[in-house]
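J.: Okay, sequence plus prediction incoming.
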Amino acid sequence: MCGIVGYVGSKEVVPVILEGLRRLEYRGYDSAGIAVGQPGAEKLTIVRAPGKLRNIEGVLAQTPIHGTYGIGHTRWATHGRPTEENAHPHRDCSGRIVVVHNGIVENYLELKRELTALGHKFVTETDTEIIAHLIEEVQKVAALAGSPIPLEAAVRLAVRRLTGAFALGVLSSVEPDKIIAARFGPPVVLGIGKDDQGRGEYFVASDVPGILHHTRDICFLNDGEMAVITLNGVELTDFDGNPRELKVQRILWDPIQAEKGGYKHFMLKEIWEQPRAIRDTTLGRVSLETGRVFLAEMGITHEELAEITSVNIAACGTSWHAATAGKYMIERLARIPVEVDYASEYRYRDPIADPHALGLLITQSGETADTLAAQREMIALGSKTVAICNVVGAMITRDAAGTIYTHAGPEIGVASTKAFTSQIVALFLFAMHLAQARGTLTPAQSLHLVEELGRIPARIEEMLPGIAAQCEELAKSFSTARDFLYLGRGIHFPIALEGALKLKEISYIHAEGYPAGEMKHGPNALIDETLPVVVLATQDHNDPGSRLRYEKTLSNVQEVTARSGRVIAIAVEGQQDIAQLVEHVIQIPRAPEMLLPLLEIVPLQLLAYYIAIRRGCDVDQPRNLAKSVTVE
């Protein structure tokens, strides 16, 4: 979500950075800042402001700053409110070192206590500030030992102490005309160009559009790599200081294509971005110490939540599938009845007025006409409404009592992937928040669920390469099928629906999603040796209800195989019984029942993607579909 743009060269740095940040505004942000240095200056000049870039431009218009190297940042608030002091860049104690950062430092509290004991003073609520102090401390210790080290060496030592995900930009006034960039998770791109006089100039950014208007010679940092950017060029190493080859790519695409970041299609890029989207949707909303969920932007108090008698959800398409999964989460955790409607049907069924019901609207764009109409109907019936949305300031948010932003970043592929998983996370957080307000979750249960949610992104990252290769291979066997059937029980049923929708959207193969228990009530008639059946046969081994549903699903699998149906099973690691029954098994990591949808949807997305590719379909812009449906 956050944007980074840095520059070393001969131009005035402020216009370069501001223009780059403006081109990254699509990522969303709630504060901005810039750090600028000049050779000979004792400290870097920092200007920051909450809100949009125009606010910081107003400050700079009153008090201009000048320099030829610097770095800027646009931030979504995670740790700490969107205030001037919490905006990036962040300083060390001396004011000579500044840091910008995308991602999360998971062990920042531990490091903060350690650095505080050593005399460091912290002035913000952020996790990023500790990075600047950590680099300062590393350099101080080296100097006291009589072996001063340059900034890049200090950064290498500092990043070894960090756990979590980070993209870093680091400057020091002691070492002018130098930027250190490091990546472990969030993207970092380097740009190599020449100014009008043919002199070298160098850029760093969090995404290609931020620097593409200056250069098309781009290098993408890999995880565990660090770049030292000076007027003499770019030096690339790993975190241990071993040299790495600088692989420069010539970007020949237009700016929209450049956003693909090297992926063949936006959809594939967005599938691989899901761990980051899940992290960003979670960041700043949960306490890893207490398990409490904080949804301050929702605009409804705990006392008001405790008085709610039911929840009515309206959504369309993929968002409706997320809503249906959310129904299971809310009813199980908060013990309150939930109704889910297609937004296009809600106002036409003459719904019953209930001022004690909470209306929940789910839409990626925030501009979906049917969902907006459902919101107006809910408000007319006396309900407060909350929007789950991916676009800040979208129409749906204006009349809502509050909004839970999904922070998935821009999703360009028409078939939703990362927006869907982010909606699932937002619904899970809402379910926990409502449960905590109603007293139906103990602190121990809350802490366990928060910890498990925090593990999901890493589990997806670990499984993605292997599952992508497996799905690509499966596509060779199944791309000529005319029909597919997807089966699931409980919370896995809406995931089966979503898997079927992904396949029909981008491959144009007819696909149906069914509750597995409904097989005997009609779908069994379809099964023969030509019908692929995708079965969500996952289970939470610690949940008796989940184990029972799994056993029932095994019976459904046997019904399919007895009729020569071809089964692709999605199962958790270590389930040998299902592997003995079916032709193909895709294994995902174990997780609690309510969080398994975040894992099991990934192979369904990849299977649809690779089948569509083999069929020669336009996966990013499938026929007859648009990204945002703004008319009925």
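T.: Cool, got the structure.

J.: SS state for the closest residue to M395 other than its chain neighbours?
T.: The shortest distance from M395 to any non-neighbouring residue, by C-beta to C-beta, 6 or more residues apart in numbering, is to E367 (5.2 Å). All C-beta atoms are positioned from the backbone trio N, CA, C, and that covers glycine. At E367 the chain is in coil, as set by DSSP: H, G, I helix; E, B strand; the rest coil.

J.: Pull up the per-residue confidence for E367.
T.: pLDDT, E367: 76.

J.: how far away is it from L474?
T.: Per C-beta to C-beta, to the nearest Å, E367 is found 36 Å from L474.

J.: Same question for D577.
T.: Applying C-beta to C-beta to D577 and L474 gives a distance of 21 Å.

J.: okay, these two: which has more neighbours?
T.: Of the pair D577 and L474, L474 is the one with more neighbours under other C-beta atoms under 10 Å, namely 20 against 12.

J.: buried stuff in the helix or strand where that one lies?
T.: Using DSSP states H and E, L474 falls within helix 443-478. Buried residues in helix 443-478, counted by 16 or more other C-beta atoms under 10 Å: 446-447, 449-450, 453-454, 456-457, 459-461, 463-464, 467-468, 470-472, 474-475, 478.

J.: Check which helices and strands it sits against.
T.: Contacts defined by 3 or more C-beta pairs under 8 Å, 6 or more residues apart in numbering; DSSP states H and E place helix 443-478 against helix 274-282, helix 418-438, strand 566-572, strand 584-588, helix 596-614.

J.: and the shortest one, average pLDDT?
T.: Right, the one you point to is strand 584-588. Mean predicted lDDT for strand 584-588 stands at 95.

J.: for the longest one, same thing?
T.: Taken as a whole, helix 418-438 has a mean pLDDT of 96.

J.: And for stretch 154-163?
T.: Stretch 154-163 comes out at a mean pLDDT of 94.

J.: What residue in this structure is the furthest from its centre?
T.: Distance from the centre of the chain peaks at G146, with 44.1 Å (C-alpha atoms, centre = their mean).

J.: Please report how far the residue nearest to M395 lies from I396.
T.: Using C-beta to C-beta, one gets 7 Å for the distance from E367 to I396.

J.: for L18, same thing?
T.: L18 sits 30 Å away from I396, going by C-beta to C-beta.

J.: Looking at these two, which one has more neighbours?
T.: Per other C-beta under 10 Å, whichever of L18 and I396 has more neighbours is I396, with 24 against 18.

J.: give the contact list for that one.
T.: 361, 363, 366-368, 371-372, 375, 387, 389, 403 (C-beta atoms under 8 Å, 6 or more residues apart in numbering).

J.: Identify the farthest-apart pair in those residues.
T.: Spatial extent of those (C-beta to C-beta) is set by the pair T368 and T403 at 14.6 Å.

J.: if you count what's nearby, which of the two comes out ahead?
T.: When T368 and T403 are compared for neighbours, T368 comes out ahead with 30 against 25, by other C-beta under 10 Å.

J.: Verify the stated contact: that one with T318.
T.: No: T368 lies out of contact with T318 (C-beta atoms under 8 Å); the separation is 11.1 Å.

J.: pLDDT weak spots in this structure?
T.: Within the chain, the ranges that satisfy pLDDT under 70 run 1, 25-29, 76-86, 252-259, 393, 626-632.

J.: And stretch 587-604, what's buried?
T.: Across stretch 587-604, burial judged by 16+ other C-beta under 10 Å covers 587-588, 590-591, 593-604.

J.: swap in stretch 325-332?
T.: In terms of neighbour count (16+ other C-beta under 10 Å), stretch 325-332 has its buried residues at 325-330, 332.

J.: thinking again about what came up before, got the phi/psi numbers for the residue nearest to M395?
T.: The phi/psi pair for E367 (degrees, to the nearest 10) reads phi -120, psi 10.

J.: Give me the distance between it and C316.
T.: Plainly put, E367 is 12 Å away from C316 if you go by C-beta to C-beta.

J.: which of those two has more neighbours?
T.: When E367 and C316 are compared for neighbours, C316 comes out ahead with 21 against 16, by other C-beta under 10 Å.

J.: mind listing what the residue minimising distance to the centre of the chain touches?
T.: In the chain, the residue lying closest to the centroid (C-alpha atoms, centre = their mean) is A277, at 0.5 Å. Taking C-beta under 8 Å, 6+ apart as the criterion, A277 is in contact with 406-409, 418-419, 421-422.

J.: Quick check: which element contains T215?
T.: Element membership of T215, judged by DSSP H and E, is empty: it is in no helix or strand.

J.: my read: it touches V204, true?
T.: No: between T215 and V204 there is no contact under C-beta under 8 Å: 11.7 Å.

J.: list the residues that contact both of those two?
T.: Counting by C-beta under 8 Å, 6+ apart, the contacts common to T215 and V204 are G191.

J.: and those two? which has more neighbours close in?
T.: More crowded of T215 and V204, by other C-beta under 10 Å: V204, with 29 against 18.

J.: Grab the nearest non-local neighbour of the more buried one.
T.: Spatial nearest neighbour of V204, excluding adjacent residues (C-beta to C-beta, 6+ apart): G6 at 4.1 Å.
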